[in-house]
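> model this:
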Amino acid sequence: MATRTKVSSGSPWEAVVGYSRAIRVGNHIEVAGTTAMDGDRVVGEGEPYAQTQRALEIIGQALGELGADRSQVVRTRLFVTDISAWQQIGRAHGEFFGKTRPVTTMVQVSALIDPRLLVEIEATAIC
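Numbering: from 1, shown residues only. Below you'll find the predicted structure:
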C-alpha cells in the first residue's frame with residue numbers, strides 16, 4: 001500500500017470539516033480548494049487577479065512540501081464568483097503555470113465560504 005502524506009494549512013476549519021490542504025499517495029497529489037485567505041485576512045480583497053495569484057502560491061507551497069512543483073500539475077479547477085473576471089483570473093493562472101498548461105476547468109459559483117473571496121482553486125499533480 002502506498003504511503004499517504006498530508007499537508008496542513010493550519011486552518012481551524014481543517015479539524016471541523018475534516019480535510020487536509022493536500023495529500024500525496026504514491027505519485028498522485030491532490031490539493032484541496034485553495035483561496036487567498038491568510039488567517040482572517042483575504043489577500044487581494046476585491047481583486048480577482050491578486051486572489052488567484054495568492055491561491056496559486058499557496059498551492060505551490062503545498063506541492064513543495066510534498067516533493068513536487070507546479071510543472072507536475074495535470075489538472076486545475078477554478079471556482080469563481082464572477083465569470084466576467086475570467087480574463088484576470090486566467091492571466092494569473094497562465095503566468096503561474098507557463099508551459100505546463102494543465103487541463104483546466106473554470107466555473108461560476110454563487111458563493112464561496114467567505115463573501116470576500118472571489119476565487120477557489122483545486123489542483124491535481126502526478127509526480
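
> Please make it C-alpha for all contacts and neighbour counts, starting now.
OK.

> tell me what the longest helix belonging to the chain is packed against?
In the chain, assigned by DSSP state H, the helix with the most residues is helix 48-65. Packing partners of helix 48-65 (3 or more C-alpha pairs under 8 Å, 6 or more residues apart in numbering; DSSP states H and E): strand 28-34, helix 86-97, strand 119-126.

> And the next helix or strand past the first one?
Per DSSP states H and E, the first helix or strand lying C-terminal to strand 28-34 is strand 37-38.

> Can you give the distance of whatever helix or strand comes next after that next one from its chain's centre?
Note on strand 37-38: by DSSP H and E, the next helix or strand toward the C-terminus is strand 41-42. Strand 41-42 sits 15 Å away from the centroid of its parent chain (C-alpha atoms, centre = their mean, to the nearest Å).

> Partner strands of strand 41-42, with direction?
strand 37-38 (antiparallel) (DSSP bridges).

> what comes into contact with the partner strand?
43, 55 (C-alpha atoms under 8 Å, 6 or more residues apart in numbering).

> Kindly recompute the last result at 10 Å.
Contacting residues not belonging to strand 37-38 are listed as 9, 11, 43-45, 51, 54-55, 58, 114, 116-117 [C-alpha atoms under 10 Å, 6 or more residues apart in numbering].

> which among those end up buried?
Using 16 or more other C-alpha atoms under 10 Å as the burial test, those include 9, 43-44, 51, 54-55, 58, 116-117 as buried.

> the bottom helix or strand of the protein by mean pLDDT?
Ranking every helix and strand in the chain by mean pLDDT, DSSP states H and E puts helix 13 at the bottom, with a mean of 76.
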